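K.L.:
this one's sequence-less:
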């Protein structure tokens, strides 16, 4: 659950970070920033602010904003409608974000996940101008560095409701639009 | 033909405009900025600077940079490989850009095309934070306003070599990568 006050505060935070990164929004877009707590009611620990620019049947582009240390829970994008599932590229615009993906576990990673089910720990550090593409149907999670992060996401069509989370307590349906 | 000097000057211009818009590039990306004169050898009149972030079989994201008054010639993205052709969204980041697309001709449009074959004149004005999606296989061209423009392009897979230009003198193969 996200309270109305949490929603407004999270939207304000996201709009400010986007503006600092030089990203101009229309007033309607500012009011359409989505906030997800993934059903955990611990928004500052596990959560995400996002603005969807476009999401057609074929491609999608968004901006993601993370608070300092905020985590996006581990999930994958399964196949649907005869496609291999969502393929996505994260490009860091400001701040610092760590991605954790399938592969050789990183020794002494920069982040600890919050309580919950996390199984992949191959670390990819993204600073402004750096990007990483995640293959369809592969597990990943992320955590922002100490100053938060603004991250552009380019992808195939986004169908958030199909995301499969490792932690069965997590749900994606709590995005407040 | 683009001379080496034109290429370097166009890359420098594009890198500066991107930096002003808050867009961080890696040094390798700065050196990978592409410059197209569309085979017309009048780069400041008809041309484009672009940086491709990602172009998979399924989606693509780029930044486009236009000089003041610079025009991207009229073209369409035809079907290929069983797909409807490239669908793309232009989002203005800085400056001002006019798109001209199929539809009711605009009375007293803001731009005049350069010499050549131009047939569509429905005007869409894009200022920072504004965006427009162009359907596959439909004609379009663009011209930057008096201060140039930085425009993000989100799309399905990009296959520039398949673009069909209205003006048969125009070619897309002259991009210098």
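P.N.:
Everything's here; your move. Since the structure is predicted, the reported quantities are computational estimates derived from the model, not experimental observations.
K.L.:
Remind me what the lengthiest helix in chain A packs against, helices and strands.
P.N.:
Longest helix in chain A, counting residues (DSSP state H): helix A:4-20. The helices and strands touching helix A:4-20, judged by 3 or more C-beta pairs under 8 Å, 6 or more residues apart in numbering or on different chains; DSSP states H and E, are helix A:27-31, strand A:34-36, strand A:48-55, strand A:60-66, strand A:88-101, strand A:140-155. C-betas here are computed from N, CA, C, even on glycine.
K.L.:
in what helix or strand does the closest residue to chain B within chain A lie?
P.N.:
In chain A, no residue comes nearer to chain B than residue A:22, which is 2.1 Å away by C-beta to the nearest C-beta. Here residue A:22, judged by DSSP states H and E, is contained in no helix and no strand.
K.L.:
tell me the contacts of it?
P.N.:
If you count contacts by C-beta atoms under 8 Å, 6 or more residues apart in numbering or on different chains, residue A:22 has them with B:21-23, B:93-94.
K.L.:
can you do 10 Å?
P.N.:
By C-beta atoms under 10 Å, 6 or more residues apart in numbering or on different chains, the contact list for residue A:22 reads A:93-94, A:150, B:18-24, B:93-94, B:128, B:150.
K.L.:
Residue A:170: how many residues sit nearby?
P.N.:
Counted with other C-beta atoms under 10 Å in any protein chain shown, residues neighbouring residue A:170 total 21.
K.L.:
That one reaches residue A:116, doesn't it?
P.N.:
Yes: Residue A:170 is within contact range of residue A:116, at 7.2 Å (criterion: C-beta atoms under 10 Å).
K.L.:
Mind listing the shared neighbours of these two?
P.N.:
Jointly contacting residue A:170 and residue A:116 under the rule C-beta under 10 Å, 6+ apart are A:38, A:40, A:46, A:73-74.
K.L.:
Can you add distance to residue B:67 and pLDDT and give those residues back as JSON lines?
P.N.:
Formatted as JSON lines, the shared contacts of residue A:170 and residue A:116 follow (distance: C-beta to C-beta, whole Å; pLDDT from 0 to 100):
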{"residue": "A:38", "distance to residue B:67": "45", "pLDDT": "94"}
{"residue": "A:40", "distance to residue B:67": "49", "pLDDT": "94"}
{"residue": "A:46", "distance to residue B:67": "45", "pLDDT": "97"}
{"residue": "A:73", "distance to residue B:67": "45", "pLDDT": "97"}
{"residue": "A:74", "distance to residue B:67": "45", "pLDDT": "98"}
